[in-house]
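In: have a look; sequence and predicted model below, questions after that.
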Amino acid sequence: MEMSGKASSRVRRQEKGMQQFVAWSCAIATVLALATTAPVAAAGTQDDDAAAMGLNVTDICLSTPYPSACKTALSSAGARLGLGGGRARAGAGAGAADPFAASMRFAMARATSARAVARNLSASTSSHLGGVAAPPSSGMDDCAELLDISVAQLGDAFAAASRDADAVTTWLSAAMTNQATCADSLAASAGAKSSEREDMRARVSALAEFIGTALALHANKVKAKANTAAQSSSSPAAGDDASTALPAWLSEHDVKLLRSPGPAASGVAMDAVVALDGTGTHRSINEAIAAVTTSAKGVRGGGGGGRKVIYVKAGRYEESVNIGNKQKNVMLMGDGKGSTVIVNHKSVGDGYSTYASATVDLSKSMKYFLKGEGDEWKDDTCA
């Protein structure tokens, strides 16, 4: 479908805004990377900064679950610039600025800084082990990957802030969950030094609070706009039940895919077909994912060219499926519950972290219908 000139202009503005956001984040992250672990400004300094901004940061932060983290975020140098800095007049109030945007910039910068540390520690883990064989998965490796995903999710949340409130909530909630998963992996791993694990746990714990602050400020912002015309126009279309209505921004192609009872009835050409008996284009799901990703590499935007749909025929597939952060717009369609089954035998009992035990690892938000089966006699697995 062709986009109107107006829609194209809106997309260009969103892309430009996203580029500016990333530039801000990188600049702030450079400063944070040189600082000591999770420095917190003194309460007096925060109050002075708040007065300079013309914002009552204390009142704003009382509505969040982590007031101290909120004050730190909104009183940071980057947040002051994002909120208008010293140019804001006393008494201007929160309405003259956007605390949510400021908190997002700060959280993004902290996530970028934590990711850099995790990558460095992950790379040095093998030297700490000496001649001892490395475990199947390292908690620090998990954190490096989870933080990479979190940086992307925070960027997606910021980009969606002006057009899709539900998407912002989803991305921020997912990013918060990643920090808990990282901490769990570190607790179960002996791959890194104890001091390094503690440092990373402190970083992701603080990051979770900063993301939680952004989530709370976003919720406050949504509530403040609850009665506006823009908010009422996003209600489900006539004839759709609120619990089953699909988002208005979905294309007709995607709506058809999601509402079809199965691949055959969708009427959509599949980019790859997986079948154990050799009647498809591939015999394993990972092979099909690699193939559709390779075919899209030449398309600008990476993984572009529209949605890549993989039909997984009925059968029991014993493999760990990994769809990475760079593999975008990939969708799996099976023959239904109990027919297309994906089985993974990795578990914590075998030395894998909970994150690494996932039957299907989705590094981005995607729509899947799958069934995972863990070994009943082992410890936790993640599907």
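Out: Structure received.
In: is Arg163 in a helix, a strand, or coil?
Out: Following DSSP: H, G, I helix; E, B strand; the rest coil, we place Arg163 in the coil state.
In: so which residues make contact with stretch 279-298?
Out: Stretch 279-298 has contacts (CB atoms under 8 Å, 6 or more residues apart in numbering) with 271-276, 302-305, 308, 310-313, 317, 319, 321-323, 326-327, 329-330, 332, 342. (Each C-beta comes from the backbone N, C-alpha and C, glycine too.)
In: let's see that with 7 Å instead.
Out: 271-274, 276, 303-305, 308, 310, 312-313, 317, 319, 321-323, 327, 330 (CB atoms under 7 Å, 6 or more residues apart in numbering).
In: same check on stretch 257-272?
Out: Contacts of stretch 257-272 (CB under 7 Å, 6+ apart): 246, 256, 281-282, 288, 291-292, 308-311, 331, 333, 335-336, 367.
In: what are the ranges of the strands in this structure?
Out: 272-274, 308-312, 315-318, 321-323, 330-333, 340-343, 360-362, 372-373 (DSSP state E).
In: any regions of the stretch 251-383 of the chain where pLDDT drops low?
Out: Applying pLDDT under 70 to the stretch 251-383 of the chain picks out residues 264-266, 296-306, 326, 347-352, 354, 356-357, 359, 361-383.
In: ok so, going back, which of the contacts of stretch 279-298 are buried?
Out: 271-274, 303, 308, 310, 312-313, 317, 321-323, 327, 330 (16 or more other CB atoms under 10 Å).
In: out of these, flag the one nearest to Ala187.
Out: Asn322 (23.0 Å; CB to CB).
In: could you check how far the closest one is from Asp141?
Out: 13 Å (CB to CB, to the nearest Å).
In: and Ala157, by the same measure?
Out: Noted for Ala157: a distance of 25 Å to Asp141, by CB to CB.
In: neighbour count winner among those two?
Out: Between Ala157 and Asp141, counted using other CB atoms under 10 Å, Ala157 has the larger neighbour count: 27 against 24.
In: next, the contact list for the residue nearest to the more buried one when sequence neighbours are not counted, please.
Out: Counting by CB to CB, 6 or more residues apart in numbering, Trp171 is the residue found nearest to Ala157 once chain neighbours are left out, at 3.8 Å. Applying CB under 7 Å, 6+ apart, we find Trp171 in contact with 153, 156-157, 160.
In: distance of Trp171 relative to Tyr311?
Out: 28 Å.
In: next: Asn56.
Out: Distance from Asn56 to Tyr311, by CB to CB: 56 Å.
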